[in-house]
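> Kindly return the folded structure for what I paste below:
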Amino acid sequence: MSQPTLPKKDQAEDSENATNRRPFATAIKKSRTRPALNLQALGIYIAAVVIFLIFGLLNPNFLTSGNLRDIAISASVNAIIGLGITFVIITGGIDLAVGSIASFVGIVTASLMVNAGTSPFLALLAGIALGLACGAVNGLLITKLKLPPFIATLGTMSIYQGFAYVVTNGRPVYNVPRDFVFMLNSYVGGIPVAVILVAVLAVLCWLLLRRTVFGQNVIATGGSEETAWLSGVRVDRVKIAVYALSGVLAGVGGLVIVARINAAQTDAGSPYLLTAIASAVIGGANLMGGEGRIAGTLVGALILGALTNGLVLLNVPSFYEQIVTGLVVVIAVALDQGSKGWPLLKKKKTEPQKEATA
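All right, here's what the predicted structure looks like:
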């Protein structure tokens, strides 16, 4: 007895679905393989070495062990917050609220310890939970209300910063318990705890991105949301989880800031917004989505830390630091786009052709 054949319409739909699944399958296959070292990735490491050598030649104190330790400590907050932003950028989004979340978490945690008598460990857990909640709210606004990531996080940036002022009426919190400071601002075998924390978080983030199904879904979502959705990826859940992760790491960054200065300032996290994003971008995170490197983000944070430290040693006025940081970001993005043949320009050129043939 012959097997029944599908109608031509069903055959066409089945063929179309199979075609739609191929790009995602290809993306999953690529994400499972070890990424090849491209010229841009190699260029980041070369640039870092060149920057360190130049400042070392200009000032012999730059390459001393003590100064290199200071650079690593100063880069730790940018690195921690930048790791979370890397995940967000890979999905094709942006998180402008990380600086405000860091400020909010820091001021709330310090208030719990100083004003409410909460133990440092419980206050630390409460701060991390608050960062998680703030990040999840960002994800819900983007996925459920369909707000653009830029607009959603721009709004929550102001909201969270306002909450930080409300908690203490705009006043800083001093006399943070020594036990809390010791947890995040001490040394283990001569290595700063903040640096160890960055290393641990970086390894965990790399494993999450490169060795889990969630990481594959993050990359696939950034590559093509529609294709990922057709292939069974719950895109909304991935985005909410990514923004929640960004909130957690922003909160951890805020806690490290409190431990470093032994106090909580209502706007202490604000300066780290642009530098954390810059660390991810310099490290190779593609603002169009679908691409990002954990190691690259760490190198980007080190580059910014080295630039700041080197300029201080050379007695360059601090406001020139912003100019240098901006130039580095522009050059990094230009190199990234140039290595890929300027896809944004190609896209603009092909759009009129599509309209003409429609």
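
> Moving C-terminal from the helix or strand hosting residue 196, which element do we reach first?
Using DSSP states H and E, residue 196 maps to helix 193-210. Counting by DSSP H and E, the element after helix 193-210 in chain order, helix or strand, is helix 213-223.

> list the helices and strands that following helix packs on?
Helix 213-223 is packed against helix 8-32, helix 65-90, helix 193-210, helix 225-230, helix 235-261, with contacts defined by 3 or more Cβ pairs under 8 Å, 6 or more residues apart in numbering; DSSP states H and E. All C-beta atoms are positioned from the backbone trio N, CA, C, and that covers glycine.

> Pretty sure residue 51 sits against residue 307.
Yes - between residue 51 and residue 307 there is a contact at 6.8 Å, judged by Cβ atoms under 8 Å.

> between those two, which one's more packed in?
residue 307 (20 against 17; other Cβ atoms under 10 Å).

> quick one: contacts for the more buried one?
Applying Cβ atoms under 8 Å, 6 or more residues apart in numbering to residue 307 gives the contacts 51, 321, 324-325, 328.

> While we're on it, how confident is the model there?
On pLDDT, residue 307 comes in at 93.

> isn't there a strand covering it?
No - Residue 307 is assigned helix when assessed by DSSP: H, G, I helix; E, B strand; the rest coil, not a strand.

> any idea how far it lies from residue 198?
Note on residue 307: its distance to residue 198, by Cβ to Cβ, to the nearest Å, is 18 Å.

> Give me the most central residue, the chain.
residue 85 (1.8 Å; Cα atoms, centre = their mean).

> residues contacting the residue lying closest to that one once chain neighbours are set aside?
Setting aside the residues directly before and after it, residue 85 is nearest to residue 280 in space (Cβ to Cβ, 6 or more residues apart in numbering), at 4.8 Å. With contact set as Cβ under 8 Å, 6+ apart, residue 280 has these partners: 82, 85-86, 89, 292, 296-297, 300.

> Is residue 150 in a helix, a strand, or coil?
Under three-state DSSP, residue 150 comes out as helix.

> What distance do you get for it to residue 235?
Distance from residue 150 to residue 235, by Cβ to Cβ: 18 Å.

> okay, the two: which has more neighbours?
Legend: neighbour count by other Cβ under 10 Å for residue 150 and residue 235, higher for residue 235 (16 against 13).

> correct me, but that one touches residue 222?
No - the criterion here is Cβ under 8 Å, and residue 235 misses it with residue 222 at 10.3 Å.

> residue ranges with poor pLDDT in the stretch 51-200 of the chain?
For the stretch 51-200 of the chain, no stretch is flagged by pLDDT under 70.

> In it, what residue spans correspond to strands?
For the stretch 51-200 of the chain, the strands defined by DSSP state E, counting those that start in this stretch occupy 187-188, 191-192.
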